[in-house]
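Student: 3D model of this:
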Amino acid sequence: MSALFIPTLSHWLLGNRWSGSLGRASYYVTPRQRQEGEQTVDEVYAEAWTGPICYEQCTPERTAVCMLADKEEIGSEGVTGLRSAALAHFLTSLCENRGADYKTCFAASDCLSADVGGAYDPCYAEAYEAGNSAYLNHGVAVMKYTGARGKSGSSDASAELLAKLARIFRENDVVWQTGEYGIMDLGGGGTMAPLPAQYGMETADCGIPLLSMHAPYELASKADVYEASRAYAAFLASDKDIEQYQ
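Tutor: A predicted model of the protein is given here:
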């Protein structure tokens, strides 16, 4: 195994875990304390896996795909935007190589659109519905629908998918909330959720709430960013340990 650069001492003093992979090996490092008589000893605990053990510890129960797309703000156009055929071509090729029917695969898939959400802004309270908005420091935000002029341009996630996400987040102690993009016919905005949904995938928006979205100075909460990472890990991990995916 090649050299591994360990974070600074302050990283551990804050109680942070550290995990990742290097080459074919995966590692997990965390600070902990143990008692030696009346004395408390601080130490750093580390584990590393490779080969079959690494595969068992770090492979999701089901096939998992992460697609990083560009140009969302201009309509997800171009070869790097989600409106291109890249996702459909990749999944179709994956199914063909495994002898699976791609239409069945699409219909059996769940998808999270990790776009940001609009957080309630008290300076412009008239543009928000306070009881149906996401707030900073309240966790990752799940949006059932987005769009403008009502639900125009929205995929509108199903109740079944929202119930599934609620169960996954509850079982893994993920802090989450619901939200929308402002009061109807005044606020609004679109996300990438309708694009994977057109292939028959159950899709929901699940992202970090931002204050002053699209302004020159946007603001997010570190707590919400952390809970978003835990939400995505829980979604990918299924019944496995989500710490292996963070």
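
Student: can you give me the helices in this protein?
Tutor: For the chain, the helices defined by DSSP state H occupy 9-13, 51-58, 86-98, 102-107, 159-171, 194-197, 222-237.

Student: Could you save these as a markdown table and add columns showing distance to residue 145?
Tutor: Bear in mind the C-beta positions are built from the backbone N, C-alpha and C, glycine included. Formatted as a markdown table, the helices of the chain follow (distance: least, CB to CB, whole Å):
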| stretch | distance to residue 145 |
| --- | --- |
| helix 9-13 | 39 |
| helix 51-58 | 34 |
| helix 86-98 | 22 |
| helix 102-107 | 21 |
| helix 159-171 | 11 |
| helix 194-197 | 10 |
| helix 222-237 | 19 |
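
Student: Lowest average pLDDT across those?
Tutor: Looking at those, the lowest mean pLDDT belongs to helix 51-58 (a mean of 54).

Student: returning to what we had before: could the helices of the chain go into a markdown table alongside mean neighbour count and distance to residue 177?
Tutor: A markdown table is the format used below for the helices of the chain (neighbours: other CB atoms under 10 Å; distance: least, CB to CB, whole Å):
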| stretch | mean neighbour count | distance to residue 177 |
| --- | --- | --- |
| helix 9-13 | 12 | 28 |
| helix 51-58 | 12 | 29 |
| helix 86-98 | 14 | 28 |
| helix 102-107 | 14 | 29 |
| helix 159-171 | 14 | 10 |
| helix 194-197 | 20 | 22 |
| helix 222-237 | 19 | 9 |
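
Student: Of the ones you listed, which is nearest residue 45?
Tutor: For residue 45, the closest of the helices of the chain is helix 9-13, at 10.5 Å, according to CB to CB.

Student: And the helices of the chain: which comes nearest residue 40?
Tutor: Among the helices of the chain, helix 9-13 comes nearest to residue 40, with 14.3 Å by CB to CB.

Student: Just the CA coordinates for stretch 184-191, please, in PDB.
Tutor: Only the C-alpha atoms of stretch 184-191 are listed here, as PDB (Å, rounded to 0.1, in the frame of the first residue of the first chain):
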ATOM      1  CA  MET A 184     -46.800  29.300  -6.100                       C
ATOM      2  CA  ASP A 185     -46.800  31.700  -9.000                       C
ATOM      3  CA  LEU A 186     -44.200  33.900  -7.300                       C
ATOM      4  CA  GLY A 187     -41.200  31.600  -6.600                       C
ATOM      5  CA  GLY A 188     -40.200  28.500  -8.500                       C
ATOM      6  CA  GLY A 189     -37.400  26.800 -10.300                       C
ATOM      7  CA  GLY A 190     -36.400  23.700 -12.100                       C
ATOM      8  CA  THR A 191     -34.000  20.800 -11.400                       C
END
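
Student: still on that earlier bit, go through the helices of the chain and name the closest to residue 181.
Tutor: Per CB to CB, nearest to residue 181 of the helices of the chain: helix 194-197, 13.9 Å.

Student: Show me what the closest one is packed against.
Tutor: strand 110-113, strand 202-207 (3 or more CB pairs under 8 Å, 6 or more residues apart in numbering; DSSP states H and E).
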